[in-house]
Structures are given as C-alpha cells and as structure tokens.
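Student: From the sequence below, what's the structure:
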Amino acid sequence: MKPETSIAVVPVQGRRMLKSFIDFPLKLYKGSDKWVPAFEDDEYNSLGDKNPSLEFCERELYLAYKDGKIVGRVAAIINHNANKKWNENTVRFGWWDLVDDFDVAEALIGAVVEWGKARGATKIKGPLGFTDMDREGLLVEGFENESPFTVIYNHPYYPQFLERMGFIKDTDWTQKVVTIPDTLPAMFKYADIIESRFGIHIYTARTLKQMARRGREMFHVLNAAFAGLYEYSKLSEEQIDGYVKQYVPVLNKDMVAFVVNEQDELVGFTVTMPHISEAVRKAKGKILPFGWIHLLPALNPKRNDTAEALLIGILPEYQAKGAALLMFKYLLQNFQKLGIKRMLLNPQLEDNHKVQTLFGEEYNPQEYQRRRSYVKNI
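Tutor: Numbering: from 1, shown residues only. This is a model prediction of the structure:
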C-alpha cells in the first residue's frame, strides 16, 4: 500500500517565493481559453510590502507543497477598517488557487483559519482582496464563458471544495453582457431635460492632466457611492494616488464618461475599455518585454467590437437625477462610432437593484457569469 503524501503549507518569504506564488496560476490554467491572468506588475504591487492597503490591513501569503511541487496558494488578509465598519472579526482569504485535491484545499483554508484565529477572527470570508479594487468572488456559474481580465476565473471544483468544508453563500455578484443598439433608445430624449432641471452635464477630458484630475475625483465619488455596499472599506488618499497613476494614463477618453454639476464637481462616472482578455492571456499578464505586441491591437476599440464596463459610481444625491442616463447616452454614441457591438458589465451585487436595472430591454441583457463570496464561522 502506497503511503499517503503529506502536504506542507509554507508562508511566503522572499522575492523568489513571491514570484512562485504569482506564477502558480500560469501553470495551473495552462491551455485554458477562459481564464485570464492578472497583470504581473499589479500582483507584485498588491502582494508586496509597498501596498498602501497595508496601512490598515494585515496579510500572510501561503504556498502548498506536495511531493516537492507547488499545488496551491492562498492569501490570508485582515482588513481592520472593514471589520470596524461592519462590526466583524473576519479574516479574508483571497488569491486561492489549487489543484483538484480536497486535502490541499483543506490545508490552505486551514492555514488561513489558524492565522486569523490567532488574531481574534471568528469568521472567514472569501475570496476577497484587500479592498473592492482587488479581484473578488468565486466563479459559480458561467464556466463556459471567457472571464473579463478584471475578475476571478476558477475551476468548478473550487466552490465544491468550499461547500464540502461547510462554507455557505454570503453574497453573489452577477455579470451580464449587453448588446449595443444601432440607434439611440427613446429614453435618451430626456437627456436635455435632465441637464436643465438638475444642472448636470457631461464633462469631456481632453488631456491627461484633465483625466488625472477627474480620476482623483472619481475615487472620491466611489467612496461615497459604495459606502453601504458589501464589505466595502473607504479608499485612502495613498491608495487613490496609486490607482490614478496606475490606471488613468491607459484609459481611452472616448470610453469614459464623467458627469459634473454647475460647480464643476464630479457627481458620476463610468469607466469602460476594450475587452482584452485574450490579449492578456497571450501576454501571460506581462507587458514587457513583448506582451505589448498582443495588448496594443486589443486596446484599439476600432479593432475590437467588445467593451468591458469596469466601474460605475454616482453620488447618492444624484442617483435619482438621471446622471446614469447622460453617461450611457454619451458612451452609446461613442460606441456606435467606434463599432462596438456588445459590452460585458462589471460584477454587480445581486441585491443592488439600482445597478441591476440600469440596462433595459433595449440592450438585451443576458446572464454571463455569477460569482460568490463564501462565509464560515471559525
């Protein structure tokens, strides 16, 4: 009888182990045409010691070994701001990837539980990141569809393993795909009335400096708009600085909509971009030295008929004043000029009815994927 092979779960120490942690999914999902890697630079920024979230978060990274080979990874995270806001003692798990082996799953989650309990945690939730800007939610439906590059894709055995360990659903995010109409829907005829009645209008950024200015305001709107949503914790000024520097320079001004009031204050925004999942997969998540060869053509909306919606945020006091309608009219007109035929929406909390109903039958919304955050008392 062959003896059982033990599984060793080891904390990540040093640059070499961190690289192994980041590279593991590339091997696990090799040959998959649905999974999309995160950008390597983003992973180092998130998981290294310079992540501004560490101002209010603790974390430990683990690798699982079996027969001398890496068979899984996980991040244990405590977001003290979120725990204080939501009156919880929760440890989060994220970056959870593993081979099809239940013992490996138990060992990885067990390491997070023990680490969390040592710090007073009474509950474990995930997959979640440091903040809402990280990938979150385990894929539970839509495995046959290619994931956008901003979200988690996982094998179907992942949720099966969690449920076998006693985890239950905490919340779901749904993701839909919409068709871009060839003509402007009738509802947009009210745009002029909304502008005059509520004193709001589209702001078009012409320069990178203008984009950066609105980009900074955008994350402040996000803090206000997302304040009451699931496990959200306010982004710090240092985090906002990092996101503005990281993302604003690559945004296409024709695919971003800003709405401002009469005082020229940002009250709402929508960020979209071309669908680049296939290009990111071919580049293996690396821009340099040669990843840009795949990414540049995909980033050109005139060579890509699919868009991704990344973020939408509207100040609470303007959510019933038609700000979304102004943004969608502006984007729809631009999409028609660019030849974009469909758009993958960002994950939307299933109980957030305001965003769930933003796109009516004119857009023919179809279910695309569903993601879930699991929870368990420890």
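Student: Mind jotting down where the strands sit in the stretch 101-250 of the chain?
Tutor: Along the stretch 101-250 of the chain, the stretches classed as strands by DSSP state E, counting those that start in this stretch are 123-126, 138-141, 168-179, 201-203.
Student: Tell me the buried residues in the helix or strand where L311 lies?
Tutor: Element membership for L311, per DSSP states H and E: strand 306-314. For strand 306-314, a neighbour-count test (16 or more other CB atoms under 10 Å) marks T306, A307, E308, A309, L310, L311, I312, G313, I314 as buried. Bear in mind the C-beta positions are built from the backbone N, C-alpha and C, glycine included.
Student: Show me what counts as buried in stretch 172-190.
Tutor: By 16+ other CB under 10 Å, the buried positions in stretch 172-190 come out as D172, W173, T174, Q175, K176, V177, V178, I180, F188.
Student: In JSON lines: the buried residues of strand 306-314, plus pLDDT and distance to M255.
Tutor: Shown next, in JSON lines, are these (pLDDT from 0 to 100; distance: CB to CB, whole Å):
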{"residue": "T306", "pLDDT": "94", "distance to M255": "12"}
{"residue": "A307", "pLDDT": "95", "distance to M255": "7"}
{"residue": "E308", "pLDDT": "94", "distance to M255": "9"}
{"residue": "A309", "pLDDT": "93", "distance to M255": "10"}
{"residue": "L310", "pLDDT": "91", "distance to M255": "10"}
{"residue": "L311", "pLDDT": "91", "distance to M255": "12"}
{"residue": "I312", "pLDDT": "92", "distance to M255": "13"}
{"residue": "G313", "pLDDT": "92", "distance to M255": "16"}
{"residue": "I314", "pLDDT": "94", "distance to M255": "18"}
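Student: Endpoints of stretch 112-128, how far apart?
Tutor: Criterion CA to CA, to the nearest Å; first-to-last residue distance in stretch 112-128 is 13 Å.
Student: Give me the distance from that stretch to the chain's centre.
Tutor: 22 Å (CA atoms, centre = their mean, to the nearest Å).
Student: Same check on stretch 257-264?
Tutor: From the chain centre to the centre of stretch 257-264 is a distance of 26 Å (CA atoms, centre = their mean).
Student: ok, for Q319, nearest residue in space, not its chain neighbours?
Tutor: K354 (6.4 Å; CB to CB, 6 or more residues apart in numbering).
Student: again with V248
Tutor: Using CB to CB, 6+ apart and skipping residues adjacent in sequence, the residue nearest V248 is G215, 4.0 Å away.
Student: Give the other helices and strands that the helix or strand containing D23 contacts.
Tutor: Assessed by DSSP H and E, D23 sits inside helix 14-28. Judged by 3 or more CB pairs under 8 Å, 6 or more residues apart in numbering; DSSP states H and E, helix 14-28 is in contact with helix 40-47, strand 57-66, strand 69-79, strand 90-98.
Student: And that helix, what's buried?
Tutor: Residues of helix 14-28 classed as buried: L18, F21, I22, D23, F24, P25, L28 (neighbour count, 16+ other CB under 10 Å).
Student: Can you add pLDDT and give the residues you listed back as CSV?
Tutor: Shown next, in CSV, are the buried residues of helix 14-28 (pLDDT from 0 to 100):
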residue, pLDDT
L18, 97
F21, 98
I22, 97
D23, 97
F24, 98
P25, 97
L28, 97
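Student: and the residues you listed as CSV, adding distance to S147?
Tutor: Formatted as CSV, the buried residues of helix 14-28 follow (distance: CB to CB, whole Å):
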residue, distance to S147
L18, 24
F21, 20
I22, 18
D23, 19
F24, 18
P25, 12
L28, 15
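Student: just the residues you listed now: which is nearest Q336?
Tutor: P25 (36.9 Å; CB to CB).
Student: Skipping its backbone neighbours, what lies nearest the closest one in space?
Tutor: Residue nearest to P25 in three dimensions, not counting chain neighbours: D97, with 5.1 Å by CB to CB, 6+ apart.
Student: ditto for S46
Tutor: With CB to CB, 6+ apart as the criterion, S46 has its nearest non-adjacent residue at 6.4 Å, and that residue is D134.
Student: repeat for V244
Tutor: In space, and not counting its chain neighbours, V244 is closest to G215: 4.6 Å by CB to CB, 6+ apart.
Student: can I assume the residue nearest to P25 is in contact with A75?
Tutor: No: the pair D97 / A75 is not scored as a contact, 10.3 Å apart, by CB atoms under 8 Å.
Student: What are the contacting residues of the helix holding D23?
Tutor: 10, 12, 35, 37, 40, 43-44, 47-48, 61, 63, 70, 72-73, 95, 97-99, 284-285 (CB atoms under 8 Å, 6 or more residues apart in numbering).
Student: Return the members of those residues classed as buried.
Tutor: Buried among the contacts of helix 14-28 (16+ other CB under 10 Å): 12, 35, 37, 40, 43, 47, 61, 63, 70, 72-73, 95, 97-99, 285.
Student: which SS state does L358 fall under?
Tutor: Following DSSP: H, G, I helix; E, B strand; the rest coil, the label given to L358 is coil.
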